[in-house]
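**Q** Generate a structure from the sequence data that follows.
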Amino acid sequence: MKKTLIGTVAKSGQQKTLRVEIERRMKHPKYGKIIRGRTICHVHDEDNVANTGDTVEIEECPPKSRLKRWTLVRVVTAAVGAAIADSGDDSGEIG
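**A** Purely as a prediction, here's the structure:
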């Protein structure tokens with residue numbers, strides 16, 4: 001059975017590649033304080049459906065490249081402002 005995780009897309013700048021952060025909380029072994037940790041996974045996104053800020057479900061797979069060991073299963077929730085930011089005019093004109 002393949003492992004599945006849910007995380008947040010931190011970066012989606014490259015084609016077909018996402019950088020997903022999985023947050024976790026743990027108790028410090030000596031001091032007892034609750035601390036946050038994170039795991040970064042590079043994910044293969046074949047159709048470029050996920051954007052920065054989306055919550056996604058990922059599944060482990062055989063290596064696709066040097067860093068990619070995960071593949072995108074589905075987008076759980078889309079980011080709130082992603083649709084508005086992506087629909088802007090990117091013509092590069094100033095003024």
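
**Q** can you pull out the helices in this structure?
**A** Taking DSSP state H as the criterion, the chain carries its helices at 82-86.

**Q** Poorly predicted segments of the protein, please.
**A** Scanning the chain with the threshold set as pLDDT under 70 gives 82-95.

**Q** so where do the strands sit in the protein?
**A** Along the chain, counting by DSSP state E, strands occupy 4-11, 17-27, 34-44, 55-60, 70-77.

**Q** need the ones you listed in JSON lines with mean neighbour count, can you?
**A** (C-beta placed from N, C-alpha, C; glycine too.) Shown next, in JSON lines, are these (neighbours: other C-beta atoms under 10 Å):
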{"stretch": "strand 4-11", "mean neighbour count": "16"}
{"stretch": "strand 17-27", "mean neighbour count": "15"}
{"stretch": "strand 34-44", "mean neighbour count": "13"}
{"stretch": "strand 55-60", "mean neighbour count": "18"}
{"stretch": "strand 70-77", "mean neighbour count": "16"}
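
**Q** which residues does T55 form a beta bridge with?
**A** T55 has these beta-bridge partners by DSSP bridges: T8, T77.

**Q** and it, how far is that from W70?
**A** Noted for T55: a distance of 15 Å to W70, by C-beta to C-beta, to the nearest Å.

**Q** for E57, same thing?
**A** Distance of E57 to W70, computed by C-beta to C-beta: 10 Å.

**Q** okay but T55 is in contact with G7, surely?
**A** Yes. Using C-beta atoms under 8 Å, T55 is in contact with G7, at 7.3 Å.

**Q** Leaving out chain neighbours, which residue sits closest to K16?
**A** Spatial nearest neighbour of K16, chain neighbours left out: D45 (5.5 Å); criterion: C-beta to C-beta, 6 or more residues apart in numbering.

**Q** Same question for K64.
**A** Nearest non-adjacent residue to K64, counting by C-beta to C-beta, 6+ apart: H44, 4.8 Å away.

**Q** now I40
**A** Spatially, and ignoring its direct neighbours in sequence, I40 is nearest to E21 (5.7 Å; C-beta to C-beta, 6+ apart).

**Q** how many neighbours does A50 have?
**A** Neighbours of A50 under the rule other C-beta atoms under 10 Å: 23.
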